[in-house]
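Engineer: mind looking at a prediction? Sequence and model below.
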Amino acid sequence: HERGATEFHGVGGPLNVADLRSPNLLTGVYVEAALEAGYVRNNDFSGASQEGISPYQLTQKNGERWSVARGYLHPVLDRPNLTVITNARTSRVLLEGKRATGVTYLQSGKSIDIGAEREVILAGGAINSPQLLMLSGIGPEDELKRHGIPLRHALPGVGQNLQDHLDALIVHKCVKPVSLGISFSNLLAQTKHLFSYLLHRTGPLTTNSAEGGGFVKSDPGQAIPDLQFHFTPAHLDEHGRNLSRAAFTMLGHGYALHVCDLRPKSRGHIGLKSADPTADALIEPNYLSHPDDMNTMVKGVKAARKVLAGKAFDPYRGVEIFPGRAVQSDEQIKAFIRRKAGTIYHPVGTCKMGRDEMAVVDDTLRVYGMQALRVVDASIMPTLIGGNTNAPTVMIAEKAAAMILQSRRATADTGSDRTAMAQV
Ligand SMILES: Cc1cc2nc3c(=O)[nH]c(=O)nc-3n(C[C@H](O)[C@H](O)[C@H](O)COP(=O)(O)OP(=O)(O)OC[C@H]3O[C@@H](n4cnc5c(N)ncnc54)[C@H](O)[C@@H]3O)c2cc1C
């Protein structure tokens, strides 16, 4: 952590955590408005208490995204016992009885088998790890039967228990050209921003976009925060996922406040669309299937609107684009949520760790009923955490690495010397 070592943070580790280098002016406005709305300031969400408002800390280094590839993989790429195969898609786990012996992957139109002497680690994420297990014949019997996949091991929890943070956005136009968007009035400044990024790794191009943070309670009776804010000094819509939405995000000036339900009770599932390993998995998030989730989201939209109505925003506030001023009653807000809310990309739980019949992995992340097969990714979380999922997934991987090394040492002590491992 670039702020230095504390009771809660270390220094010098692979995952660099930094403060925003050049926060947008509107992010400070957001913090001021949220305090005005009655929320408390908290300079470290990962410290003694999560609750409060602050700019986010980022996984960045030198003003650039500090991904797990940069933090963990790139420094060891020249190890003789590591081979990274890219542009490849694993199509199934190879099995001998209940033992995983390797994987098959597809690359440049070829299907290639690769053996694992010790064990196979699936790390395909909460969508793809359960898909890969099912494609390999490990999963709910009905789902495999539906797609004509021979059953190798019945495990009803594979793909079930999908949880995600549903997110709604309150979006405003900004009447001053101070947000991250591009306009004629800031074209010269944008050119300067490009140079300050290229030369010094400073300026608005170091933004993570969702600069302002908040963990708050939908009502004071909550024991812990159940809503999360992400403030973006840009007017987003549907995360810019197609050309027109991207143009809306980039051009002109605005700002937006995301609000998500941190502790959803709804559960979805991952299934198969087909037995074809190149087909996408079936994703059924089942958002809002539990009525409490809709109630929390309605409170969240109202809380976000209260922040954006604060005096601090008066000099900047333009028209509310979404939901729009016509949307006022609870029923109208619910309709808006059903129409516009979407993922904030935190799917977990589809190969959950546990001890009940729906658990997929045990407390060493080994797949129940199988040998030499683990899952190490966000899918093993039994319950969605109340925050962003990247660092917790890295923590799961660190813990798994320690357990794998420990079991390897135990095997070495008993005289076995098998070393290879296939990781997907
Ligand atoms: C757009 C977006 C924004 C996000 N923003 C944040 C954020 O700001 N903060 C935060 O904390 N979290 C964020 N997250 C969530 C975070 O990225 C995830 O929680 C985290 O990456 C989960 O790690 P994982 O290892 O489980 O899965 P992943 O990171 O998805 O890793 C799985 C890997 O397996 C590969 N793979 C899958 N199937 C196969 C196959 N069959 N063959 C070969 N390879 C395969 C995938 O290509 C991928 O590289 C975001 C996610 C998204 C999508």
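Structural biologist: Yes, it's here.

Engineer: going forward, measure contacts and count neighbours with C-alpha atoms only.
Structural biologist: Fine.

Engineer: what about the lengthiest helix in the chain, near the ligand?
Structural biologist: Scanning the chain for the helix with the most residues, using DSSP state H, yields helix 390-413. Yes: Helix 390-413 lies within reach of the ligand by Cα under 6 Å from any ligand atom, at N390, A391, T393.

Engineer: measure the second one to T59 for me?
Structural biologist: What that stands for is A391. 9 Å (Cα to Cα, to the nearest Å).

Engineer: settle it for me: which of these two has more neighbours?
Structural biologist: T59 (22 against 13; other Cα atoms under 10 Å).

Engineer: nearest residue to the more buried one in space, please, no chain neighbours.
Structural biologist: Sequence neighbours aside, V17 is the residue nearest to T59 in space, at 4.6 Å (criterion: Cα to Cα, 6 or more residues apart in numbering).

Engineer: tell me which residues touch the one you found, please.
Structural biologist: V17 sits next to H1, E2, Q57, L58, T59, Q60, K61 when contact means Cα atoms under 8 Å, 6 or more residues apart in numbering.

Engineer: strands - which of those residues land there?
Structural biologist: Among those, the subset assigned to strands under DSSP state E consists of Q57, L58, Q60, K61.

Engineer: which among the residues you listed gets closest to S91?
Structural biologist: Comparing these against S91 with Cα to Cα places Q60 closest, at 33.2 Å.

Engineer: my guess is that closest one meets E2, correct?
Structural biologist: No: between Q60 and E2 there is no contact under Cα atoms under 8 Å: 9.8 Å.

Engineer: joint contacts of those two?
Structural biologist: Contacts common to Q60 and E2, judged by Cα under 8 Å, 6+ apart, are N16, V17, A18.

Engineer: export those residues to TSV and tack on distance to the ligand?
Structural biologist: What follows is the shared contacts of Q60 and E2, written out as TSV (distance: Cα to the nearest ligand atom, whole Å):
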residue	distance to the ligand
N16	13
V17	12
A18	13
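
Engineer: hang on, the earlier thing: any chance of the residues of helix 390-413 next to the ligand in a markdown table, plus pLDDT?
Structural biologist: Below are those laid out as a markdown table (pLDDT from 0 to 100):
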| residue | pLDDT |
| --- | --- |
| N390 | 97 |
| A391 | 96 |
| T393 | 98 |
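
Engineer: I'd like those residues as CSV, with distance to S218 appended.
Structural biologist: Putting the residues of helix 390-413 next to the ligand into CSV (distance: Cα to Cα, whole Å) gives the following:
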residue, distance to S218
N390, 24
A391, 25
T393, 26
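
Engineer: burial count for the closest residue to E238 other than its chain neighbours?
Structural biologist: Computed as Cα to Cα, 6+ apart, the closest residue to E238 that is not its neighbour in sequence is R245, at 6.8 Å. Residues contacting R245 under the criterion other Cα under 10 Å number 15.

Engineer: mind listing what R245 touches?
Structural biologist: Here R245 is in contact with L236, D237, E238, H239 (Cα under 8 Å, 6+ apart).

Engineer: residues of the stretch 1-150 of the chain that sit close to the ligand?
Structural biologist: So far as Cα under 6 Å from any ligand atom goes, the stretch 1-150 of the chain lies against the ligand at A88, R89, T90, S91, A123, G124, G125, A126, N128.

Engineer: how close does the residue nearest to E238 sit to the ligand?
Structural biologist: Taking Cα to the nearest ligand atom, to the nearest Å as the criterion, R245 is separated from the ligand by 15 Å.

Engineer: got it, and Y197?
Structural biologist: In terms of Cα to the nearest ligand atom, Y197 sits 20 Å off from the ligand.

Engineer: give me the buried positions along the helix or strand that residue falls within.
Structural biologist: Assessed by DSSP states H and E, Y197 sits inside helix 187-200. For helix 187-200, burial by neighbour count (16 or more other Cα atoms under 10 Å) applies to Q190, H193, L194, S196, Y197.

Engineer: ditto for stretch 213-224
Structural biologist: Under the neighbour-count criterion of 16+ other Cα under 10 Å, stretch 213-224 has G213, G214, F215, V216, K217, S218, I224 buried.

Engineer: closest one to the ligand out of these, please.
Structural biologist: Taking Cα to the nearest ligand atom as the measure, the ligand lies nearest G213 of these, at 10.9 Å.

Engineer: re the thing from before, buried among the contacts of R245? Need that as a selection in ChimeraX.
Structural biologist: Command for ChimeraX that selects the buried part of the contacts of R245, burial taken from 16+ other Cα under 10 Å:
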select :236,237
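
Engineer: out of the contacts of R245, who's nearest the ligand?
Structural biologist: H239 (8.4 Å).

Engineer: distance of that closest one relative to S209?
Structural biologist: H239 is 11 Å from S209, where distance means Cα to Cα.

Engineer: that older thread, what's the closest of the buried residues of helix 187-200 to the ligand?
Structural biologist: When the buried residues of helix 187-200 are ranked by distance to the ligand (Cα to the nearest ligand atom), Y197 comes first, at 20.5 Å.

Engineer: verify the contact between the closest one and G203 for me.
Structural biologist: Yes: under the criterion of Cα under 8 Å, Y197 makes contact with G203 at 6.0 Å.

Engineer: what's stretch 293-310 in contact with?
Structural biologist: Residues from elsewhere that reach stretch 293-310 (Cα under 8 Å, 6+ apart): 30, 33-34, 36-37, 168-170, 218, 227, 229, 257-261, 264-266, 288, 330, 333-334, 337.

Engineer: what does the stretch 301-424 of the chain put close to the ligand?
Structural biologist: When proximity is defined by Cα under 6 Å from any ligand atom, the stretch 301-424 of the chain lies next to the ligand at Y345, H346, D377, A378, N388, T389, N390, A391, T393, V424.

Engineer: narrow those residues to those that are buried.
Structural biologist: H346, D377, A378, T389, N390, T393, V424.
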